[in-house]
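In: this one's sequence-less:
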Ligand SMILES: [Zn+2]
């Protein structure tokens, strides 16, 4: 492949935003020069005042393949990723069939992904009630870490773990030195809430919100902090919704415990007060909470207690959202928004007068670190993969169905006016998306440790 040089006046580097030339050879970033430089034998591409961002890394995506490709799939999920400025997805081990709880299931996933991916990908392994013997083999087979649920995950086949089962699994997790990603809600507070709400109106968002109280998150996170301390294993709290847990998470970090935290665009953008009754498209677990909670999640990002933003892209077939009846009890819990995540977060940053480099830190660098990919992904730096996104931060657009690109064009972000347009996406130096269209054959590969 010819060497290329990408110039822009706004290259988003770890040390700041400014004019630079990124030299690319063999799919990797060979060097970064200050200003506009054209090395010998280089084809220059001048992107002018468009920003050049590192390809984003989404560590929380439900691709659902093999087994539930009517929900999503590698082809559609990676198209949505490329259009949204993501160059790496890490797939969650549930909702696919078989669930990724054994090496055999991981192999089935690899076979299913073959030739379909527009961006690179990796697969989290699952920790379930009875697969302790598979934890070490999954690490040897290349997964970057594991996911578990402390509560019923809404679907059969991927079993939740209780404290006793965690105690059996955690020595294996600790030995792997890989992170355990945890859906942190405990059943006790939810069951108590459900009993109180038996006769409530389940088309009201307030009913759904009351059914998933913050205490369920707080108790689960306290349990995981205690187990992290005891077993010396890496723990990552996925999709933090309640800002009430920030203080204890901050204390755990100050204590030096290896606990990391993510939140999601929907918790940072929407507030319960504005969700319409019957608006099941907003249903996710834990739930979107109130406006003051949303503001405190932003503070959690700015103070560094929350490490990263992941989409938790969790689609389903349209009928499962029960939009007609609007019954929050019956609707599938999960928000689809992969391709909208960057514009949503940039729109929020812009309103807060915060720089675009924060999105690179929270949506590329920190997630790459979580998935053990810092040596390849997440930054514009010499030696890393040339995963680059040309982004016009000043363009605004109305989010319409044709811009989503995932299998079912359902999302609570539809109809929003957002800032920041992804113009082009490059994976390992190759253009995969340009001006609204996909380029060439799928080039995405699996990233194993
Ligand atoms: Zn999820």
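Out: Yes, it's here. Computed from a predicted structure; not experimentally measured.
In: the strand or helix carrying residue 173: which residues count as buried?
Out: For residue 173, the enclosing helix or strand under DSSP states H and E is helix 163-176. With burial defined by 16 or more other C-beta atoms under 10 Å, the residues of helix 163-176 counted as buried are 165, 166, 169, 170, 172, 173, 174, 176. To be clear about C-beta, it is placed using only N, CA and C from the backbone, and glycine gets the same treatment.
In: what would those look like in TSV with distance to residue 138 and pLDDT?
Out: Formatted as TSV, the entries for the buried residues of helix 163-176 read as follows, by distance: C-beta to C-beta, whole Å; pLDDT from 0 to 100:
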residue	distance to residue 138	pLDDT
165	16	98
166	17	98
169	12	98
170	15	98
172	10	98
173	10	98
174	14	98
176	8	98
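In: looking at those residues, spot the one nearest residue 134.
Out: When the buried residues of helix 163-176 are compared for distance to residue 134 (C-beta to C-beta), residue 172 comes out closest, at 8.9 Å.
In: isn't the closest one right up against residue 137?
Out: No: the pair residue 172 / residue 137 is not scored as a contact, 9.9 Å apart, by C-beta atoms under 8 Å.
In: contact partners of the next helix or strand after the helix holding residue 173?
Out: With elements assigned by DSSP H and E, the helix or strand that comes after helix 163-176 is strand 180-183. Counting by C-beta atoms under 8 Å, 6 or more residues apart in numbering, the neighbours of strand 180-183 from elsewhere in the structure are 59-60, 124, 127, 145-151, 153, 169-170, 173, 220, 224, 233-239.
In: do that again at 6 Å, thanks
Out: By C-beta atoms under 6 Å, 6 or more residues apart in numbering, the list of residues contacting strand 180-183 from outside reads 146, 147, 148, 149, 173, 224, 235, 236, 237, 238.
In: sheet partners, orientation included, of that strand?
Out: Neighbouring strands of strand 180-183 in its sheet, by DSSP bridges, are strand 146-149 (parallel), strand 235-237 (parallel).
In: skip ahead from the shortest one and say which helix or strand is next.
Out: I take that to be strand 235-237. Going down the chain from strand 235-237, the next helix or strand is helix 246-254, by DSSP H and E.
In: tell me where the stretch 51-200 of the chain has strands.
Out: Along the stretch 51-200 of the chain, the segments classed as strands by DSSP state E, counting those that start in this stretch run 51-54, 56-61, 86-91, 120-123, 125-126, 146-149, 180-183.
In: can you give me how far the helix holding residue 173 is from the chain middle?
Out: Relative to the mean C-alpha coordinate of its chain, helix 163-176 is positioned 24 Å out (C-alpha atoms, centre = their mean, to the nearest Å).
In: same deal with stretch 241-252?
Out: With C-alpha atoms, centre = their mean as the basis, the distance from the averaged C-alpha position of stretch 241-252 to the chain average is 20 Å.
In: regarding the protein, what is its longest helix?
Out: helix 214-231 (DSSP state H).
In: buried set for it?
Out: For helix 214-231, using 16+ other C-beta under 10 Å, the buried residues are 214-221, 223-225, 227-229, 231.
In: nearest to residue 29, of these?
Out: Using C-beta to C-beta, residue 228 is the member of those that lies nearest residue 29, at 34.8 Å.
In: could you find the closest non-adjacent residue to the closest one?
Out: Residue nearest to residue 228 in three dimensions, not counting chain neighbours: residue 235, with 4.3 Å by C-beta to C-beta, 6 or more residues apart in numbering.
In: wait, that neighbour touches residue 259, no?
Out: Yes: counting by C-beta atoms under 6 Å, residue 259 is a contact partner of residue 235 at 5.0 Å.
In: so what sits against both of the two?
Out: residue 228.
In: quick one: end-to-end distance for stretch 112-124.
Out: Using C-alpha to C-alpha, to the nearest Å, the span of stretch 112-124 from its first residue to its last is 15 Å.
In: what's that stretch in contact with?
Out: Contacts of stretch 112-124 with the rest of the structure, by C-beta under 6 Å, 6+ apart, involve 65-66, 74-75, 78-79, 81-82, 87-93, 100, 109, 143-145, 147, 427, 432, 442, 444-447.
In: quick check on these: which are buried?
Out: The neighbour-count criterion (16+ other C-beta under 10 Å) marks 65-66, 74-75, 78-79, 81-82, 87-93, 100, 109, 143-145, 147, 427, 432, 442, 444, 446-447 among the contacts of stretch 112-124 as buried.
In: list the residues that contact residue 329.
Out: Per C-beta under 6 Å, 6+ apart, neighbours of residue 329: residue 202.
In: helix, strand or coil: sort out it for me.
Out: coil (DSSP: H, G, I helix; E, B strand; the rest coil).
In: of the contacts of stretch 112-124, which belong to helices?
Out: Secondary-structure check on the contacts of stretch 112-124 using DSSP H: residues within helices are 74, 75, 78, 79, 81, 82, 109.
In: the closest residue in space to residue 237 that isn't next to it in sequence: how many residues sit nearby?
Out: With sequence-adjacent residues excluded and distances taken as C-beta to C-beta, 6+ apart, residue 237 is closest to residue 261, at 4.8 Å. The burial metric for residue 261, expressed as a neighbour count using other C-beta atoms under 10 Å, is 26.
In: quick one: residue 261 and residue 245, what's the gap?
Out: From residue 261 over to residue 245 the distance is 8 Å, taken as C-beta to C-beta, to the nearest Å.
In: what do those two both touch?
Out: Common neighbours of residue 261 and residue 245 (C-beta under 6 Å, 6+ apart) do not exist.
In: can you confirm residue 10 is in a strand?
Out: Yes: Residue 10 forms part of a strand when assessed by three-state DSSP.
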